[in-house]
Every structure is written in C-alpha cells, then in structure tokens.
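>>> Build the 3D model from these lines:
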Amino acid sequence: MQFVKRLVIAAATLVFVGCGSIDLSQLGVLFPTRNTYPTPSGTITLPPSSNPNANAPDMLAYRVQTAKKIMQMNSSATFSGVLPDPMTSIPIIEISLNSDGSIRRLDVTRTPQFQPQTVQLAMAAIRRAAPFGSVAHLPQPWVFNETFLFNDDLKFQLHSLQP
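Residues are numbered from 1 along each chain as shown. Here you go, the predicted model:
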C-alpha cells in the first residue's frame, strides 16, 4: 500500500513538474529517509547517524561529502569563487580508506611541475579532515582520487566540488 501511495505521488509530481507549479526541494518531505527495517525476528530501528557520509548511497556521493569535510576542516587554506586561469598547481592524490573511513594510504597520482610542495599541503589537508566515516556500506575498493586546485596564494579548492 505504501508503495502504491508513493507511486501515485511520484506520478502526480511529474505532472506538476511539467507545469512548473511544484517546488522540487519539497520532495524530501514526500520520501523521508527510512530508519526502520523488518528482520526475521522483528523490526529494528537504526539510530540517527552523526556521520554525514553514512548516508552516502554510492562512492560518488561519499567523495563529495568527503571533499566538503576537507574544505571545512582546512578553511584557512582554501579559497572560494572563480578559479584563476591558469591554476598555479594541480596535485592529484589517491585516497585509500579502511572500512571505518580512516586513511589506509595516500598516493600521489600527479605531482605538479610548478609548486611541487603542494602535494604535501594536499596530503596534510586530507589527514586533518580524517576520518571520513564508515564506507563499510559501500562496495570495495574504497579508493578515489581528489584533485586539488591551488591558486597563487597556495590556497585550494577541490575538483569534486566544482560545478
């Protein structure tokens, strides 16, 4: 019955979206996050998580949430706004995680020709933000790249957060 109700709501939403008369930001109210799950021995209720990455449905979403945490934990080393052209330095770091979200390994995928010390700045920024929250709910391997975009002041933005 709940499935049919949601299906009807979704169909009605599509009709209204075509007319431009519904605010899509309100869809979260129609489809709340599930925290109760049936089991053979009864229903369990999961407590709300304080880890923002715990709700990441896939590695791409996890990567974006991780990038946000890196920016937040390194706010004095970041810049906002338009990216300069050309960028001063663009190191790429491969991040390998343990199941609990702690860093297993950091590998340099790209060392920039100019300002090579930005590799160490990028790795230090990642370490300051760790751990990132459990990835146990996601399929392995728990590995992704992050590209750091440094300006002339050696402050960075992350490629994962670019529009």
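>>> Next one: the spatially closest residue to residue 121 that is not a sequence neighbour from residue 142, what distance?
In space, residue 121 comes closest to residue 154 once its chain neighbours are excluded; the distance is 6.6 Å by CB to CB, 6 or more residues apart in numbering. From N, CA and C alone the C-beta is placed, and that goes for glycine too. Distance from residue 154 to residue 142, counting by CB to CB, to the nearest Å: 29 Å.
>>> Just want to know which of those two has more residues nearby.
Comparing residue 154 with residue 142 by other CB atoms under 10 Å, the one with more neighbours is residue 142, at 19 against 14.
>>> doesn't residue 158 make contact with residue 80?
No: Residue 80 is beyond contact range of residue 158, at 11.4 Å (criterion: CB atoms under 8 Å).
>>> between these two, who's got more neighbours?
residue 158 (21 against 8).
>>> can you give me phi and psi for that one?
Here is the backbone geometry of residue 158 (degrees, to the nearest 10): phi -110, psi 140.
>>> residues in contact with it?
67, 70, 71, 146, 147, 148, 149 (CB atoms under 8 Å, 6 or more residues apart in numbering).
>>> which one is the third one nearest to, not counting chain neighbours?
The one in question is residue 71. Of all residues not flanking residue 71 in the chain, residue 78 sits nearest, at 5.3 Å (CB to CB, 6+ apart).
>>> what residues are up against that neighbour?
Residue 78 makes contacts with 71, 155, 156, 157, as judged by CB under 8 Å, 6+ apart.
>>> which one of these sits closest to residue 100?
Nearest to residue 100 among the contacts of residue 78: residue 71, at 21.7 Å, using CB to CB.
>>> The closest one touches residue 161, doesn't it?
Yes: taking contacts as CB under 8 Å, residue 71 lies within contact range of residue 161: 6.8 Å.
>>> Looking at the two, which is more packed in?
residue 71 (19 against 14).
>>> Which of the three states applies to that one?
At residue 71, secondary structure determined by DSSP: H, G, I helix; E, B strand; the rest coil is helix.
>>> could you pull out the strands for the protein?
Using DSSP state E, the strands found in the chain span residues 36-39, 42-45, 92-97, 103-110, 143-150, 156-158.
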